[in-house]
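[1] sequence-free structure coming up:
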């Protein structure tokens with residue numbers, strides 16, 4: 001069974017959502033009722049198949065009410081990050097064509113939203129009241145909807161990733177549920193810990209897929225490393241998905257804190273979204289055992305790779321073999337390269353996505369010789385066994401004296417220093433070489449933001465990397481702009497040095 005309606009019919013009292021802060025959650029019966037009422041509300045507002053709705057909410061059960069209402073009303077569902085300003089949210093609402101926006105007034109930017117013809121804005125309280133006035137039971141013209149997320153905008157203004165809406169019945173199997181259910185064995189007996197924001201693609205996709213598969217979603221309002229361990233013990237979590245920055249924060253907890261929680265129920269830990277330094281992943285496998293699974297893919301759904309712990313220990317640093325579609329590595333002209341040679345990573349065989357309102361960006365993502373091949377802009381290579389190794393994003397590459405330098409390698413090294421909390425590496429202007437390497441470091445202790453520590457970090461890099469790759473200078477930042485999905489908002493850092 002791959003739809004919450006089917007699980008609600010069998011066991012309506014089963015928890016669909018549990019909030020770790022003790023606030024009210026949802027049973028499957030409640031989720032079904034509110035999703036149906038929400039679909040009636042959408043129709044009463046004139047919202048039909050192919051229209052857009054959006055939510056600007058923190059992690060709360062109403063996210064799932066809005067999502068599943070839109071899913072059975074045939075709409076595109078767009079999440080908005082809580083950290084965005086009113087202007088940034090206005091852009092997404094207008095660009096997506098949303099006709100309904102559900103908001104939490106406590107989000108700072110909400111008060112500055114611009115009124116727009118054709119847009120209904122409901123607060124959480126108004127959403128609840130509106131649902132209460134709607135009839136129960138399914139709408140007469142149900143059809144399947146899907147999320148339409150916006151790229152994180154790390155290299156420019158975010159773009160909506162638009163995929164074709166599913167055909168058929170709303171309860172039909174969905175390809176994501178088939179993949180996750182088959183790969184990890186998720187079912188009604190599972191409890192899934194969601195520590196990340198529900199406005200990002202992977203947390204939204206995994207939690208709603210858990211609802212399709214009948215599992216209980218245990219939702220954290222916000223990630224905290226020790227509270228995550230406590231939740232695993234308390235709710236007997238069987239599966240979770242994290243990002244590498246969460247791994248780093250878990251590993252930097254005192255040993256006695258990490259060891260005091262019973263994590264024996266944990267069967268599967270999935271990670272993605274950002275590069276994971278090899279020493280960090282080694283430490284996680286050593287701690288939790290070979291239950292760490294990694295995948296590489298994007299919101300675009302054009303393909304993905306996957307790797308188990310056992311495979312990764314034989315191929316450290318790899319993101320795995322193709323698990324959906326086929327991987328191709330191509331040069332700058334779009335010609336395919338042999339194994340071992342580095343180039344742009346393309347996928348063939350996944351979803352045919354479009355960037356909403358930006359046909360030029362859509363076409364730029366396609367291979368000039370093979371239009372069915374598309375790229376997320378990452379650079380890497382395939383080894384002789386077909387395992388993919390990512391180098392970095394093409395847009396982050398530093399060219400110094402004609403040498404291509406990929407910051408990810410340096411960042412992965414810096415984060416292993418015991419006194420470093422986070423690190424970003426960028427190219428800054430150099431009159432002789434065009435660009436030079438600069439590291440911007442967030443120290444664990446703010447008192448370490450000294451010239452002496454900067455020199456120590458440069459020496460740390462030079463002891464392990466070629467001098468051309470190493471930072472020539474180090475600046476300090478008390479909090480790097482890293483998104484909650486683990487991605488570094490590097491454009492903001494680069495803008496400081498233009």
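    Nice, thanks for sending it over. Bear in mind that the values here come from a model prediction, so they are computed numbers and not experimental data.

[2] domain parsing of the chain, as residue ranges.
    Residue ranges for each domain of the chain read 4-213, 397-496, as given by automatic domain parsing.

[3] out of those domains, deepest packed?
    Scoring the domains of the chain by mean neighbour count under mean count of other CB atoms under 10 Å gives domain 4-213 as the most buried, with a mean of 19. C-betas here are computed from N, CA, C, even on glycine.

[4] need the contact list for the nearest residue to residue 263 once chain neighbours are set aside.
    In space, and not counting its chain neighbours, residue 263 is closest to residue 232: 5.3 Å by CB to CB, 6 or more residues apart in numbering. Contact partners of residue 232, counting by CB atoms under 8 Å, 6 or more residues apart in numbering, are 193, 240, 261, 263, 265-266.

[5] check these for burial and list the buried ones.
    Listed as buried from these are 193, 240, 263, 266; burial here means 16 or more other CB atoms under 10 Å.

[6] tell me where the stretch 1-150 of the chain has strands.
    Listed in chain order, the strands of the stretch 1-150 of the chain (DSSP state E, counting those that start in this stretch) span 15-19, 26-27, 52-56, 76-79, 98-103, 120-123, 146-147.

[7] out of those, nearest to residue 434?
    strand 76-79 (39.1 Å; CB to CB).

[8] any idea how far the closest one is from the middle of the chain?
    The chain centroid and the centroid of strand 76-79 are separated by 15 Å under CA atoms, centre = their mean, to the nearest Å.

[9] just stretch 107-115 next, same as before
    Relative to the centre of its chain, stretch 107-115 is centred 24 Å away, using CA atoms, centre = their mean.

[10] and if you look at stretch 358-378?
    In terms of CA atoms, centre = their mean, the gap separating the centre of stretch 358-378 from the centre of its chain is 21 Å.

[11] contacting residues for residue 444?
    Contact partners of residue 444, counting by CB under 8 Å, 6+ apart, are 252, 418-421.

[12] closest one of the residues you listed to residue 274?
    Taking CB to CB as the measure, residue 274 lies nearest residue 421 of the contacts of residue 444, at 15.0 Å.

[13] what's in contact with the helix or strand harbouring that closest one?
    Using DSSP states H and E, residue 421 sits in strand 420-430. With contacts defined as CB under 8 Å, 6+ apart, strand 420-430 is touched by 245, 248, 252, 396, 398-400, 405, 407-408, 410-411, 414-415, 435-444, 457, 471, 480, 482, 488, 490, 493-494, 497.

[14] ok, 6 Å please
    398, 407, 410-411, 414-415, 435-436, 438-442, 444, 480, 488, 490, 493-494, 497 (CB atoms under 6 Å, 6 or more residues apart in numbering).

[15] quick one: average confidence on it?
    Mean pLDDT, strand 420-430: 89.

[16] and the next helix or strand past it?
    Once strand 420-430 ends, the next helix or strand along the chain (criterion: DSSP H and E) is strand 434-443.

[17] so which elements touch that next one?
    Counting contacts by 3 or more CB pairs under 6 Å, 6 or more residues apart in numbering; DSSP states H and E, strand 434-443 packs against strand 398-400, strand 420-430, strand 473-476.

[18] from the chain's centroid, how far away is that strand?
    25 Å.

[19] show the average pLDDT along that strand.
    Across strand 434-443, pLDDT averages out at 91.

[20] let me have the strands of the stretch 1-150 of the chain in a markdown table, adding mean pLDDT and distance to residue 211 as columns.
    Shown next, in a markdown table, are those (pLDDT from 0 to 100; distance: least, CB to CB, whole Å):
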| stretch | mean pLDDT | distance to residue 211 |
| --- | --- | --- |
| strand 15-19 | 98 | 6 |
| strand 26-27 | 98 | 10 |
| strand 52-56 | 98 | 16 |
| strand 76-79 | 97 | 14 |
| strand 98-103 | 98 | 18 |
| strand 120-123 | 98 | 22 |
| strand 146-147 | 96 | 13 |
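
[21] so which of the ones you listed comes closest to residue 172?
    Minimum separation from residue 172 across the strands of the stretch 1-150 of the chain (CB to CB) falls at strand 146-147, 12.2 Å.

[22] what pairs with that closest one, parallel or antiparallel?
    The sheet places strand 146-147 alongside strand 76-79 (parallel), with pairing taken from DSSP bridges.

[23] quick one: contacts of the strand it pairs with?
    Strand 76-79 has contacts (CB under 6 Å, 6+ apart) with 52-55, 67, 70, 96, 147-148, 199.

[24] could you count how many residues lie near residue 384?
    By other CB atoms under 10 Å, 8 other residues sit near residue 384.

[25] related to what we said a few turns ago, when you compare where the strand holding residue 421 runs with where strand 434-443 runs, what's the angle?
    Angle of strand 420-430 versus strand 434-443, following axes from the mean of the first three to the mean of the last three CA atoms, to 10 degrees, is 160 degrees.

[26] next one: residue 369 from residue 354, what distance?
    Here residue 369 is placed at a distance of 20 Å from residue 354 (CB to CB, to the nearest Å).

[27] ugh, wrong one, I meant residue 100
    Distance of residue 100 to residue 354, computed by CB to CB: 22 Å.

[28] biggest helix in this structure by residues?
    In terms of residue count, the longest helix belonging to the chain (DSSP state H) is helix 28-44.

[29] pLDDT of it, averaged?
    If you average the pLDDT values across helix 28-44, you get 98.

[30] so that helix versus strand 98-103, what angle?
    140 degrees.

[31] helix 28-44 packs against which elements?
    In terms of contacts (3+ CB pairs under 6 Å, 6+ apart), helix 28-44 is packed against helix 4-10, helix 62-72, helix 124-132.

[32] so where is this protein shaky, pLDDT-wise?
    Applying pLDDT under 70 to the chain flags the ranges 152-157, 394-395, 401-403, 432, 484-485, 498.

[33] quick revisit: and the contacts of residue 444, which is closest to residue 119?
    Each of these was scored against residue 119 by CB to CB, and residue 421 proved nearest at 40.3 Å.

[34] if we can go back for a sec, got CSV for the helices and strands packed on strand 434-443, with distance to residue 313 too?
    Supplementary listing: the helices and strands packed on strand 434-443 in CSV, determined by distance: least, CB to CB, whole Å:
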stretch, distance to residue 313
strand 398-400, 31
strand 420-430, 25
strand 473-476, 32
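
[35] so which of these is nearest residue 138?
    strand 420-430 (47.0 Å).
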